[in-house]
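Visitor: Structure for this input, please:
(chains A and B)
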2 protein chains.
Amino acid sequence: MTETAVRPHVRVLRGIDRPAVASLLAALHDSRVFTAEEVRTALELIDEWLQRGEGSGYFTYVLEDAGAVQGYVCYGPTPMTDSTYDLYWIAVDPRAHGQGYGRRLLAFTEADIRRRGGRLVLIETSSLDANQSTIRFYERAGYDLAARIRNFYRVGDDKLIFARELAAN
Amino acid sequence: MTETAVRPHVRVLRGIDRPAVASLLAALHDSRVFTAEEVRTALELIDEWLQRGEGSGYFTYVLEDAGAVQGYVCYGPTPMTDSTYDLYWIAVDPRAHGQGYGRRLLAFTEADIRRRGGRLVLIETSSLDANQSTIRFYERAGYDLAARIRNFYRVGDDKLIFARELAAN
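Guide: All right, here's what the predicted structure looks like:
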């Protein structure tokens, strides 16, 4: 094992990572962070990424530490916009929370979006109480609540849209 | 030609309708209502509908009158929601505006969504001045402005999200 493989680093998601990502998504389902349908949708996007790469319309990276996948992120340019990006999924294994992996994945994502000419990053998430630590994570990372769609996911579960304008280089 | 074919009616979009829909989208591009990328995206959705039908995840209908396609609509259940629907596209040939075709397509859509158990309809549109008649059309149809994402499409061009809660049957 090389030195880079044992230190935390972000790299492209490959086919060999799928079981580890499926496992962390299952753990997040057990923690009630993701619904079964969300896990299914997240895996569909990963499979499309593995088949089509950037032809999928998005990018998918994992954070690896100590030789294991600890989290992943999926984001891409928002269709029909000029330089807006959607962060579709960002997830860290709940058994590895509190180690800064989420912040590291988000910082990588923003730097990459800026490098690609992106100016605005949007993240959609649920207003449910179970999601409050995720909401605080986005707020601490500099995201503002840009919009709320009442009863979007289901009655009593709003969609929150967080936004961050990236500074020009 | 049967009687139903000469009176305005809404029916499923078929392959034979594609040239007429492409023509009305081109006319809407000439009127600066749709960008070239929006027209391309609208046609991609139509082609996926023609290939996969309801497997596409949405429904596509045309309004026909006097034996010609005057407009079309494309809508479907919003992924990962319980009974929310997105109206992706609704378009009427600009040479046929003012005849109530848009209202008729929207009423058909809402009735069909209600029949399928939908409770919330969302429509996303641009804040640009060129789009003001579209915005008034949604407002008159009972849609409320639920959210605004500043600079979404490009700097100075916000995304407006209109919403209507459908009454239960």
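
Visitor: Residue A:10 bridge partners, please.
Guide: residue A:63 (DSSP bridges).

Visitor: can you give me phi and psi for the closest residue to chain B within chain A?
Guide: Per CB to the nearest CB, residue A:147 is where chain A lies closest to chain B, at 3.4 Å. Glycine gets a C-beta too; all of them are placed from N, C-alpha and C. Dihedral angles of residue A:147 (phi, psi; degrees, to the nearest 10) stand at phi -160, psi 160.

Visitor: Give the full set of residues in contact with it.
Guide: Contacts for residue A:147 (CB atoms under 8 Å, 6 or more residues apart in numbering or on different chains) come out as A:160, A:161, B:146, B:147, B:148, B:149, B:161.

Visitor: so what's the fifth one scoring on pLDDT?
Guide: Read that as residue B:148. Residue B:148 is assigned a pLDDT of 97 by the prediction.

Visitor: Touching, it and residue B:159? I think so.
Guide: Yes: counting by CB atoms under 8 Å, residue B:148 does reach residue B:159; the two are 7.1 Å apart.

Visitor: Could you pick out the buried ones from the contacts of residue A:147?
Guide: With burial judged by 16 or more other CB atoms under 10 Å in any protein chain shown, the buried subset of the contacts of residue A:147 is A:160, A:161, B:146, B:147, B:149, B:161.

Visitor: Which helix runs longest in chain A?
Guide: helix A:36-52 (DSSP state H).

Visitor: Give me the contacts around it.
Guide: With CB under 8 Å, 6+ apart, helix A:36-52 has contacts from A:13-15, A:18, A:21-22, A:25-26, A:28-29, A:34, A:56, A:58-60, A:72, A:74, A:88-89, A:91, B:79-80.

Visitor: For that helix, buried residues please.
Guide: A:38, A:39, A:41, A:42, A:45, A:46, A:49.

Visitor: Name whatever forms a beta bridge with the residue of chain A closest to chain B.
Guide: According to DSSP bridges, beta-bridge pairing links residue A:147 with residue A:161.

Visitor: ok, now which ones touch residue A:123?
Guide: Residue A:123 sits next to A:86, A:87, A:90, A:138, A:143, A:161, A:162, A:163 when contact means CB under 8 Å, 6+ apart.

Visitor: Now the most centrally placed residue in chain A: phi and psi?
Guide: The centre of chain A sits closest to residue A:90, judged by CA atoms, centre = their mean, with a distance of 1.7 Å. Main-chain torsions, residue A:90, degrees, to the nearest 10: phi -140, psi 130.

Visitor: does residue A:85 have beta-bridge partners, and which?
Guide: residue A:77, residue A:121.

Visitor: quick one on the thing from earlier: tell me the two of the buried residues of helix A:36-52 that are most distant?
Guide: A:38 and A:49 (16.5 Å; CB to CB).

Visitor: Flag every residue of chain A that's near chain B.
Guide: A:35, A:37-38, A:41, A:78-84, A:119-120, A:122, A:146-155, A:161, A:163, A:165 (CB under 8 Å from any CB of the partner chain).

Visitor: repeat that with 10 Å
Guide: Selection of chain A residues close to chain B by CB under 10 Å from any CB of the partner chain yields A:34-35, A:37-38, A:40-41, A:44, A:78-84, A:119-120, A:122, A:124, A:126, A:146-155, A:157, A:159, A:161, A:163, A:165.

Visitor: could you pull out the helices for chain A?
Guide: Ranges of helices within chain A are A:3-6, A:18-30, A:36-52, A:101-115, A:132-140, based on DSSP H.

Visitor: would a markdown table of those helices with mean pLDDT be doable?
Guide: As requested, these are exported to a markdown table (pLDDT from 0 to 100):
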| stretch | mean pLDDT |
| --- | --- |
| helix A:3-6 | 60 |
| helix A:18-30 | 97 |
| helix A:36-52 | 97 |
| helix A:101-115 | 97 |
| helix A:132-140 | 95 |
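
Visitor: Now the common contact residues for residue B:148 and residue B:159.
Guide: When contacts are counted by CB atoms under 10 Å, 6 or more residues apart in numbering or on different chains, the set common to residue B:148 and residue B:159 consists of A:146, A:147, B:127.

Visitor: residues in contact with residue A:106?
Guide: Applying CB under 10 Å, 6+ apart to residue A:106 gives the contacts A:73, A:75, A:87, A:90, A:121, A:123, A:137, A:138, A:141, A:142, A:143, A:164.

Visitor: okay but residue A:93 is in contact with residue A:105, surely?
Guide: No: Residue A:93 is not in contact with residue A:105 according to CB atoms under 10 Å; the separation is 11.7 Å.

Visitor: If you count surrounding residues, which of the two has more?
Guide: Using other CB atoms under 10 Å in any protein chain shown as the criterion, residue A:93 and residue A:105 rank with residue A:105 on top: 24 against 21.
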